[in-house]
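S.K.: Attaching a predicted model along with its sequence, questions to come.
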Amino acid sequence: MKIALGADHRGYEAKSRVKALLEEMGQQAQDFGTDSSRSMDYPDPAYAASRAVQNGDCDMGILFCGTGIGMSITANKLHGIRAALCHDELTAEMARRHNNANVLCLPADLIGDALMRRIVEVWLNTQFEGGRHERRIDKIREIEDKQCKP
């Protein structure tokens, strides 16, 4: 699986550690920056990484910023992106099982490395349930089609 990574300056260190985790797990990571802890604007890497998921260059994406909020707001502006801000294993599991989230947003300032690692593992290893949840995803897609230009 190919995973797009993006972070602002506050998420840079966490992104680097998760990138190493993904390599341990046999996943391929494509890094859309940033490449340092120097201050920068989170929408830039959020857009680049989410765009890679949107156009199929990457299967899924993981974004990092201080709270994860700015990254999730930005990613969810892209048609077809379902970005979920997760703080624990349960929200990561539900984001995949019920919402088929294709982008995971993580709050680098709020959770430690061990929890972040478990969230990523759960999120990547959980499958979408489909069924009634597919109907709900379809409704989200209908709203997106009405309100957002592709």
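M.R.: Alright, I've got the coordinates.

S.K.: Just say helix, strand or coil for the residue lying closest to residue 11 once chain neighbours are set aside.
M.R.: For residue 11, ignoring the flanking residues on the chain, the nearest one in space by Cβ to Cβ, 6 or more residues apart in numbering is residue 64 at 2.7 Å. Heads up, the C-betas are built off the backbone N, CA and C, glycines and all. Put simply, residue 64 is strand when judged by DSSP: H, G, I helix; E, B strand; the rest coil.

S.K.: doesn't residue 17 make contact with residue 64?
M.R.: No. Applying Cβ atoms under 8 Å, one finds residue 64 not in contact with residue 17, separated by 9.7 Å.

S.K.: the more surrounded of the two?
M.R.: Counted by other Cβ atoms under 10 Å, residue 64 and residue 17 do not tie: residue 64 has more neighbours, with 30 against 15.

S.K.: so who does that one touch?
M.R.: Going by Cβ atoms under 8 Å, 6 or more residues apart in numbering, residue 64 touches 5-8, 10-12, 14-15, 18, 71, 105-106, 108.

S.K.: same question, residue 39
M.R.: Residue 39 makes contact with residue 9, according to Cβ under 8 Å, 6+ apart.

S.K.: Model confidence score at it, please.
M.R.: Looking at residue 39, its pLDDT reads 97.

S.K.: Spell out the secondary structure type for it.
M.R.: Assigned by three-state DSSP, the conformation of residue 39 is coil.

S.K.: what comes up buried for the helix or strand hosting residue 143?
M.R.: Residue 143 belongs to helix 132-147 when assigned by DSSP states H and E. Applying a neighbour-count criterion of 16 or more other Cβ atoms under 10 Å, one finds residue 144 buried in helix 132-147.

S.K.: Could I get the average pLDDT for that helix?
M.R.: Averaging pLDDT along helix 132-147 gives 94.

S.K.: again, but for stretch 8-19
M.R.: Across stretch 8-19, pLDDT averages out at 98.
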